[in-house]
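Novice: My questions concern the predicted model and sequence given below.
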Amino acid sequence: MPLTVCEKRRGGHTPQEKNRRENKRMDIKWHEGVGPHMKINETKGVTYLTFPALEGLPGILHGFSTRLGGVSRGIYSSMNLSFTRGDEKEAVRENFRRISGALGFLPEDIVASSQTHTANVRVMTEADKGNGVTRPGIYEDVDGMITNVPGVVLATFYADCVPLYFVDPVRKAVGLSHSGWRGTVGKIGAETVKKMGEVYGSRPENIYGAIGPSICQECYEVSEDVILEFQKVFEEKDWKNLYYRKENGKYQLDLWEANRRIMETAGLLPEHISLPGICTCCNPEFLFSHRASKGKRGNLGAFLGITEERK
């Protein structure tokens, strides 16, 4: 399954080259020069992505789904994780069972919310398990979640927007947030770090952050009204690193860099921040993309939790 490529140049013996050798059926190519890349995994027939930096933290489970390994058909093929886009509900339930099994938890452990492009962050506990997945969702206008409860698996869903992972290995707390352009303007990444500090005593310098698969700058054309919103919340000296204007009057916006800067400003150490290196819109056969499919698509899932101690 050849995938299109965003990168302008190719590297040598990089982590993605190893992944390419290990995944012969996919010609995975990545952005170069944007920090640590993700790793491709396949477990029980399900293909998913992980961050090497987070894999090295004890007691943490995480992953990001791809389109591969599910049972959905047509435009939802095959690992669609949305109940609201028109797919058969039993197919979506089976997809949740499969991705959960591959990552090492149960669908009943997952906590989800109704994402509406806010910067609101909610604390999740044992009582929230299953919300939005195995039982009806009751949370509106929540785009970020945090927890320190082992066995609770936070989940957010995507098809171009930016997943933000936060792990505090000292306080044993995690956060997961959905950041589209509105969430980025609202600096939901910083709000998540702030909430982890208020609730769990997390110190930003101890937190590891990761930016998940999402639309890259080369694919993300926006109009001037979006840029004006970014100009309100980012200093002028940063503008040239976040976007550039084209002859047609449109702009190319870099949500990865915007969220990386938000994490750094919130106090995360640069060496604790991982970038994805893979774009949803460039690879629509591997990852769902709203822009590439013109809205005819399913949803990807980001998952993050603290493992339960087995007696």
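Specialist: Nice, thanks for sending it over.

Novice: tell me what the lengthiest helix in the chain is packed against?
Specialist: Criterion DSSP state H: the longest helix present in the chain is helix 89-103. If contacts are counted by 3 or more Cβ pairs under 8 Å, 6 or more residues apart in numbering; DSSP states H and E, helix 89-103 sits against strand 39-43, strand 46-50, strand 60-65, strand 300-306. Glycine gets a C-beta too; all of them are placed from N, C-alpha and C.

Novice: which residues in the stretch 101-250 of the chain form strands?
Specialist: Applying DSSP state E, counting those that start in this stretch to the stretch 101-250 of the chain gives strands spanning 110-111, 121-123, 144-147, 153-158, 162-168, 173-179, 208-211, 221-222, 243-245.

Novice: Please state the offset of the last one from the chain centre?
Specialist: Pointing back at strand 243-245 there. 24 Å (Cα atoms, centre = their mean, to the nearest Å).

Novice: counting contacts, what elements does it pack onto?
Specialist: When contacts are defined as 3+ Cβ pairs under 8 Å, 6+ apart, strand 243-245 packs onto strand 251-253.

Novice: roughly how far is the strand it packs on from the heart of the chain?
Specialist: Taking the mean of its C-alpha atoms, strand 251-253 sits 20 Å from the chain's own mean (Cα atoms, centre = their mean).

Novice: Also stretch 97-112?
Specialist: Taking the mean of its C-alpha atoms, stretch 97-112 sits 16 Å from the chain's own mean (Cα atoms, centre = their mean).

Novice: now do the same end-to-end measure for that stretch.
Specialist: Length of stretch 97-112, first residue to last, Cα to Cα, to the nearest Å: 15 Å.

Novice: Which one, of the strands of the stretch 101-250 of the chain, ends up nearest to His62?
Specialist: Proximity to His62 (Cβ to Cβ) singles out strand 162-168 among the strands of the stretch 101-250 of the chain, at 6.4 Å.

Novice: out of the helices and strands packed on helix 89-103, deepest packed?
Specialist: Counting by mean count of other Cβ atoms under 10 Å, strand 300-306 has the highest mean neighbour count of the helices and strands packed on helix 89-103, with a mean of 26.

Novice: Show me the strands paired with that one, marking each as parallel or antiparallel.
Specialist: strand 60-65 (antiparallel), strand 153-158 (antiparallel) (DSSP bridges).

Novice: As CSV, those strands with mean pLDDT and distance to Glu271 would be great.
Specialist: Shown next, in CSV, are the strands paired with strand 300-306 (pLDDT from 0 to 100; distance: least, Cβ to Cβ, whole Å):
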stretch, mean pLDDT, distance to Glu271
strand 60-65, 98, 18
strand 153-158, 98, 24
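
Novice: so where is the stretch 201-311 of the chain shaky, pLDDT-wise?
Specialist: In the predicted model, the stretch 201-311 of the chain carries pLDDT under 70 at residues 309-311.

Novice: quick one: the helices in it?
Specialist: In the stretch 201-311 of the chain, the helices defined using DSSP state H, counting those that start in this stretch lie at 224-233, 239-242, 255-265, 290-293.

Novice: between those helices, which gets nearest to Arg67?
Specialist: In terms of Cβ to Cβ, the element of these nearest to Arg67 is helix 290-293, at 10.8 Å.

Novice: ok, now which ones touch the spatially closest residue to Glu229 that is not a sequence neighbour?
Specialist: Residue nearest to Glu229 in three dimensions, not counting chain neighbours: Val185, with 4.9 Å by Cβ to Cβ, 6 or more residues apart in numbering. Val185 makes contact with Glu229, Phe230, Lys232, Val233 under the criterion Cβ atoms under 8 Å, 6 or more residues apart in numbering.

Novice: Now a PyMOL select for only the buried ones of those residues.
Specialist: Selecting the buried subset of these in PyMOL, with 16 or more other Cβ atoms under 10 Å as the burial test, is done by:
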select buried, resi 229+230
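
Novice: between the contacts of Val185, which is closest to Pro213?
Specialist: For the contacts of Val185, the closest approach to Pro213 (Cβ to Cβ) belongs to Phe230, at 21.5 Å.
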